[in-house]
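1. What follows is a protein structure lacking sequence information:
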């Protein structure tokens, strides 16, 4: 079994939320604010949704879709926003442009601007990610598997979701380490293709473990 | 005829001290991995000085959180202190008026009273030790201490909704907020335009406190028997002040609509203020209870933690039909006990009550009655929502999450 020169360090994270002084009372304001908020806010309301929510609490995929559905009762816009998979975009500006375009096109079809009910304004936020080394380090695939199984779920988020935005590339930390340190490009590619959208961190962990177990078995054979 | 039941009041000025739990005691209730994350986070800020300043050690959500959090933070080798400001009757009166005005009520705030409030803060600053790497000032009473800060980063912690503050009160108060390094609100919609960063931290419950710890069925039965609340039919419960904002009269009307179809009992448990509006509400509740044996109105003393615990565990459905609300953590308390909550669309209730998952938010008496009947007609929903509610609280509204946020604040601001 190959041993990596550079160990993989599992890092968990905590999200410190910050309110921005920007709100949207209707879909026109949502469009205008979306164009001007910092990229970190776009990240918070899309990728960050994955960290904060579980399937049992919601099924909208991002905060914008949830707001359109629940506060504005505009199901058509909610559906169009919900299908936006943030993992399909190379960067946050591309993602922002997609969201803005959806809202813009939607408004062009309407004769009046849908508005949230009283008290239902959309409040833009962003977060500061505070990282914490969780302890286990892995130099082999077996150690990597053990760490993956036991770490806090926030590590799955940090290495699979936040890493993509942080590094500006499609592969997260897991795939990158497997490819460069353990020289396992095939496994890295399979991990990159895991569909993380609209699922839970635990399901993603289970899928990761399944792929790593297959690789471990093929090493034994 | 059922008469209003009163419990013996606690000795004035005292409440039962919180049990000191250690961090590892929370492993049994917190999400897996949480305690380890807390330990790891604490390693990064070990030895930092974390000072909390509030207006009292009892009453209010901040004191409940601090009673539990301060010992645990010290256990984690974070040098944590909790100082209290004192004053005279005029100071307390102005604090109450200023707090109400910041929540949007019309109050007369005389210049002399505000000057005295500032002066009392100055006197407190001389008496207290204000050193800390991070100083968290809770709510209104000590807020002007920031004018006498020495070192460290200072944050103002606000637990109420000040988005509709009376303009004069806000103009006065904002002068002090501008001197902080940031502010912490329970919800983004509770904040106002500020020149400092605004962080968002939900308030939380302590799952191991007297109000929220597990009770055996026998304990529940015994406590309810002492309150003269029978368990022979489904129980609807609302806990909260007997004030128009919590709409207990609306709850009574919803109960009456439900009663046409289901033999249920309604318990309204809470405290009565001494303002005219609350006294009128209480009078009407007494009248309602007088005419209906299945309406029970309980006036509870401030330290009735076990009684509230038992009532929530004995309930079938819990209501929090507020039309005005702060964060409304009573919903999280009920959800933690595995009860679905039917609540108003106010304050922080929508963050706790997830529609069709942990309960329902409603806009009217009829809406509340409809949802209660729906649940009673589909008891499997009660169990399902109860389980989902407990899990939602476990991940979002437990003290362990609050500790994580405090440590994240410390790391972010003093790292």
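-> In hand now; what should we look at? This is a predicted model, so every value here is computed, not measured.
2. Can you name the residues of chain A that neighbour chain B?
-> A:12, A:14-19, A:21, A:23, A:54, A:56-58, A:70, A:119, A:121, A:123, A:125, A:128, A:130, A:132-135, A:151-154 (Cβ under 8 Å from any Cβ of the partner chain). In short, each C-beta sits where N, CA and C put it, glycine included.
3. Out of the residues you listed, which end up buried?
-> A:12, A:14-19, A:23, A:54, A:56-58, A:70, A:121, A:123, A:125, A:128, A:130, A:132, A:134, A:151-154 (16 or more other Cβ atoms under 10 Å in any protein chain shown).
4. Could you look up the SS state of residue B:313?
-> Classification of residue B:313 using DSSP: H, G, I helix; E, B strand; the rest coil returns helix.
5. On the pLDDT front, check it for me.
-> As predicted, residue B:313 sits at a pLDDT of 98.
6. Would you quantify the distance from it to chain A?
-> As for residue B:313, its distance to chain A is 22 Å (criterion: Cβ to the nearest Cβ, to the nearest Å).
7. List the contacts of that residue.
-> Residues near residue B:313 by Cβ atoms under 8 Å, 6 or more residues apart in numbering or on different chains: B:215, B:220, B:337, B:339.
8. Inside helices: which ones of those residues?
-> Using DSSP state H, the subset of the contacts of residue B:313 located in helices is residue B:220.
9. Out of the contacts of residue B:313, grab the one that's most surrounded.
-> In terms of neighbours by other Cβ atoms under 10 Å in any protein chain shown, the contacts of residue B:313 top out with residue B:339 at 25 neighbours.
10. give the contact list for that residue.
-> Listed by Cβ under 8 Å, 6+ apart, the contact set of residue B:339 reads B:312-313, B:315-318, B:382, B:386, B:389.
11. Setting aside sequence neighbours, what's the nearest residue to it?
-> residue B:318 (4.6 Å; Cβ to Cβ, 6 or more residues apart in numbering or on different chains).
12. Show me where the stretch 301-415 of chain B has its helices.
-> Ranges of helices in the stretch 301-415 of chain B, per DSSP state H, counting those that start in this stretch, are B:305-314, B:330-336, B:349-352, B:365-377, B:379-396, B:399-414.
13. Go through these and pick out the most buried.
-> helix B:330-336 (a mean of 29; mean count of other Cβ atoms under 10 Å in any protein chain shown).
14. how much space between whichever residue of the stretch 201-350 of chain B sits closest to chain A and residue B:361?
-> For the stretch 201-350 of chain B and chain A, the shortest gap (Cβ to the nearest Cβ) falls at residue B:345, measuring 6.9 Å. Distance from residue B:345 to residue B:361, counting by Cβ to Cβ, to the nearest Å: 5 Å.
15. between those two, who's got more neighbours?
-> residue B:361 (23 against 20).
16. so the more buried one touches residue B:340, yeah?
-> No. Look at residue B:361 against residue B:340 with Cβ atoms under 8 Å: they stay out of range, at 11.7 Å.
17. Which secondary structure state is assigned to residue A:84?
-> Secondary structure assignment for residue A:84 (three-state DSSP): coil.
18. pLDDT at the closest residue to residue A:45 other than its chain neighbours, what is it?
-> In space, and not counting its chain neighbours, residue A:45 is closest to residue A:63: 3.9 Å by Cβ to Cβ, 6+ apart. On pLDDT, residue A:63 comes in at 94.
19. nearest residue to residue 187 other than its sequence neighbours?
-> Using chain A here. In space, and not counting its chain neighbours, residue A:187 is closest to residue A:215: 4.8 Å by Cβ to Cβ, 6+ apart.
20. look at chain B instead
-> Of all residues not flanking residue B:187 in the chain, residue B:348 sits nearest, at 5.7 Å (Cβ to Cβ, 6+ apart).
21. Tell me what the residue nearest to residue B:339 is bridged to.
-> Beta bridges link residue B:318 to residue B:237, residue B:341 when assigned by DSSP bridges.
22. Contacts only, for it.
-> So residue B:318 contacts B:236-239, B:312, B:330-331, B:334, B:339-342 (Cβ under 8 Å, 6+ apart).
23. Turn the contacts of residue B:313 into CSV, including pLDDT.
-> As requested, those are exported to CSV (pLDDT from 0 to 100):
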residue, pLDDT
B:215, 97
B:220, 97
B:337, 98
B:339, 98
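24. would CSV of the contacts of residue B:313 with distance to residue B:226 be doable?
-> Formatted as CSV, the contacts of residue B:313 follow (distance: Cβ to Cβ, whole Å):
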residue, distance to residue B:226
B:215, 13
B:220, 11
B:337, 19
B:339, 21
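25. now, among the contacts of residue B:313, which is nearest to residue B:407?
-> residue B:337 (27.8 Å; Cβ to Cβ).
26. ok, which stretches of the chain are strands?
-> Reading this off chain A. Here chain A has its strands, by DSSP state E, at A:8-24, A:122-138.
27. Can you look at chain B instead?
-> Using DSSP E, strands in chain B cover B:5-6, B:49-54, B:79-84, B:134-138, B:153-158, B:182-185, B:198-200, B:235-239, B:265-270, B:295-299, B:317-320, B:341-344, B:359-362.
28. now the fifth one and helix B:399-414, what's the angle there?
-> This points to strand B:153-158. 140 degrees (axes from the mean of the first three to the mean of the last three Cα atoms, to 10 degrees).
29. Sheet-wise, list the partners of strand B:153-158 with their directions.
-> strand B:134-138 (parallel), strand B:182-185 (parallel).
30. who's in contact with residue 42?
-> Reading this off chain A. A:34, A:92, A:95-96, A:99.
31. let's do chain B instead
-> Taking Cβ under 8 Å, 6+ apart, one finds B:73, B:76-78, B:407 in contact with residue B:42.
32. Quickly check those for the two that are furthest apart.
-> Among the contacts of residue B:42, B:77 and B:407 lie farthest apart (Cβ to Cβ), at 11.8 Å.
33. Now do stretch B:171-189, average pLDDT.
-> On average, stretch B:171-189 scores 97.
34. Also stretch B:95-104?
-> 95.
35. roughly how far apart are residue B:315 and residue B:372?
-> 12 Å.
36. Report how many residues lie close to the residue nearest to residue B:187.
-> 22.
37. on that earlier part again, most tightly packed of the strands paired with strand B:153-158?
-> Of all the strands paired with strand B:153-158, strand B:134-138 has the most neighbours on average by mean count of other Cβ under 10 Å, namely a mean of 25.
38. and it with strand B:79-84, angle?
-> Put simply, strand B:134-138 runs at 30 degrees to strand B:79-84, going by the same axes, to 10 degrees.
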